[in-house]
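J.: how would this look folded up:
(one chain, ligands or ions: 1)
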Amino acid sequence: MRGPRPRPELHSIAVHAASRSGGAPTPELMHPLAANENPYDPLPGVLDAAIAASRRFNRYPDLGCERLIDALVQRFDLPPTRFAAGAGLVGVIQSLIQAMAAPGDEVMYAWRSFEAYPVITTAICGATAVAVPLTDDGYHDLDAMAERVTTRTRLIFICTPNNPTGTAVRRDELAKFLDRVPEDVLVVLDEAYAEFVSDKDAADGITVCREYPNVAVLRTFSKAFGLAGLRVGFAIAPEPVAAALRMTAPYGVSQIGQEAAIASLAATDDVMKRVDMVVAERHRMENALIEQGWPVSRSQANFIWLPIRKRSADFAAACARAGIAVRVLAEDGVRVTVGARESNDAFLATAAKIRPEHDQQPFSA
Ligand SMILES: *Cc1c(COP(=O)(O)O)cnc(C)c1O
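T.: Model prediction:
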């Protein structure tokens, strides 16, 4: 074929896009449990704020998200110079890797983890990915990660709770790890699901980033706050890093997104009531799946991980036939979002129908 050609590295994005539709989620599916979205309609006050902002969309948004950052400063009690907002957390992650890692530099993360890390690291930024396997039970192997640090390591992503395994890094093991990492390596805690964590021993990035000068924390309005379609995420980073992020992604957040995020922060009590409902549903689904004989461990997020290996595609196909979209991650497993109660019931009924035989455990990892 003749004509302009994108860089060949970008081919791997096509692979990523294909894996996204692994469970064949189409708009016709009635139960969208593939993308870890918030199942509830926008809160009335948040919707009003977004509609009011939409009346002025002939104007550019606030370049530096100043009022949003003010609201975040109030919430987290850290200086505004440490904040940067962007077009969803994926937008922030892209700016972060672009700002920190040149071709030849190393970006480390656990694997399996969030699928955007390899795509942005290698295909978009041309940096070198160092993927360190999770432990057999789906936790970060922080000792192995510390051992893989080299003079070229610029960034280490720690996704906690981890997407897709739902495991959270513990406070004490994270402290031990951070004490081993050189101070010029930026450790990035991706806490997209922080609000759903119920483990009291889980690390809290907001606390950690006050104590360690080389730690950044990433949060998003897409999951617990339910603004996935508006694309608002943010970083709390060391000051020079935050400044670089603010500089490299101007006008990253629409005014509608900024106003909805500000209104969502003001409505945090209502947001957390919904989070509590999701967490209660998570427990109910986990108990039911364990009862059915599935190899499920406790999740700290708004999704459940089924490490069913080669059976993943068949499982997802059975779900699709029942109108349920779940997420297949190659031959590692299936991730199912904790959604609206009727979707969760539909999922549990489908899982019960294809439940593993108790004595032969054909689905176990
Ligand atoms: C969903 C998710 C994000 C990003 O979400 P945005 O919608 O881009 O804000 C980032 N990290 C992880 C681990 C996620 O699961």
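J.: Enumerate the residues of the stretch 101-250 of the chain near the ligand.
T.: Those residues of the stretch 101-250 of the chain that sit near the ligand, judged by C-beta under 6 Å from any ligand atom, are F114, C159, N163, D190, A192, T220, S222, K223, A228, G233. No exception for glycine: its C-beta is placed from N, CA and C like everyone else's.
J.: among those, who's most crowded?
T.: When neighbours are taken as other C-beta atoms under 10 Å, the top entry among these is D190 (29 neighbours).
J.: And the furthest pair within the residues of the stretch 101-250 of the chain next to the ligand?
T.: Spatially, the most separated pair among these is C159 and A228, at 17.4 Å (C-beta to C-beta).
J.: Quick check: the residue in the stretch 251-365 of the chain positioned nearest to the ligand vs A202, distance?
T.: Taking C-beta to the nearest ligand atom, the ligand has its nearest neighbour within the stretch 251-365 of the chain at A301, 8.0 Å off. Using C-beta to C-beta, to the nearest Å, one obtains 11 Å as the distance from A301 to A202.
J.: so what sits against both of the two?
T.: Jointly contacting A301 and A202 under the rule C-beta atoms under 8 Å, 6 or more residues apart in numbering are P161.
J.: Report the contact partners of G45.
T.: So G45 contacts A263, A266, A267 (C-beta under 8 Å, 6+ apart).
J.: As PDB, could you dump the C-alpha coordinates of the helix or strand hosting it?
T.: Element membership for G45 (DSSP states H and E) is helix 44-54. Presented in PDB, the C-alpha positions along helix 44-54 are these (Å, rounded to 0.1, in the frame of the first residue of the first chain):
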ATOM      1  CA  PRO A  44     -28.900  15.400  39.700                       C
ATOM      2  CA  GLY A  45     -26.600  18.200  40.900                       C
ATOM      3  CA  VAL A  46     -23.700  16.900  38.700                       C
ATOM      4  CA  LEU A  47     -25.900  16.700  35.700                       C
ATOM      5  CA  ASP A  48     -27.200  20.300  36.300                       C
ATOM      6  CA  ALA A  49     -23.600  21.600  36.500                       C
ATOM      7  CA  ALA A  50     -22.700  19.800  33.200                       C
ATOM      8  CA  ILE A  51     -25.800  21.200  31.500                       C
ATOM      9  CA  ALA A  52     -25.100  24.700  32.700                       C
ATOM     10  CA  ALA A  53     -21.500  24.500  31.400                       C
ATOM     11  CA  SER A  54     -22.700  23.100  28.000                       C
END
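J.: The helix or strand following it near the ligand at all?
T.: Where DSSP H and E defines the elements, the next helix or strand beyond helix 44-54 is helix 66-76. No - taking C-beta under 6 Å from any ligand atom as the criterion, helix 66-76 and the ligand are apart, separated by no less than 13.9 Å.
J.: Quick one: name whatever helix or strand follows helix 66-76.
T.: Following helix 66-76 in sequence, per DSSP H and E, is strand 83-87.
J.: What are the contacting residues of that following strand?
T.: Taking C-beta under 8 Å, 6+ apart as the rule, strand 83-87 contacts 65, 68-69, 72-73, 92, 95, 231-237, 242-243, 245-246, 249, 252-253, 258, 261.
J.: Got a quick PyMOL command for the buried subset of the residues you listed?
T.: Buried subset of these, written as a PyMOL selection, criterion 16 or more other C-beta atoms under 10 Å:
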select buried, resi 65+68+69+72+92+95+231+232+233+234+235+236+237+242+245+246+249+252+253+258+261
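J.: Keep only those of the contacts of strand 83-87 that are in strands.
T.: Cross-referencing those against strands under DSSP state E gives V232, G233, F234, A235, I236.
J.: which of these lies closest to the ligand?
T.: Of the ones in strands among the contacts of strand 83-87, the one sitting nearest to the ligand (C-beta to the nearest ligand atom) turns out to be G233, at 3.8 Å.
J.: excluding its backbone neighbours, what's nearest that closest one?
T.: Distances taken as C-beta to C-beta, 6 or more residues apart in numbering place L89 nearest to G233, at 3.1 Å, with adjacent residues excluded.
J.: returning to that earlier point: a markdown table for the ones in strands among the contacts of strand 83-87, including pLDDT?
T.: Formatted as a markdown table, the ones in strands among the contacts of strand 83-87 follow (pLDDT from 0 to 100):
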| residue | pLDDT |
| --- | --- |
| V232 | 98 |
| G233 | 98 |
| F234 | 98 |
| A235 | 98 |
| I236 | 98 |
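J.: which pair in those residues spans the largest distance?
T.: V232 and I236 (14.5 Å).
J.: Could you report the separation of L78 from G293?
T.: As defined by C-beta to C-beta, L78 lies at a distance of 46 Å from G293.
J.: Same drill for those two, tell me which one is more crowded.
T.: Applying other C-beta under 10 Å to L78 and G293 shows that G293 carries more neighbours, namely 18 against 15.
J.: hmm, back to that, let's see which of the residues of the stretch 101-250 of the chain next to the ligand end up in strands.
T.: Filtering those for strands - DSSP E - leaves C159, D190, T220, G233.
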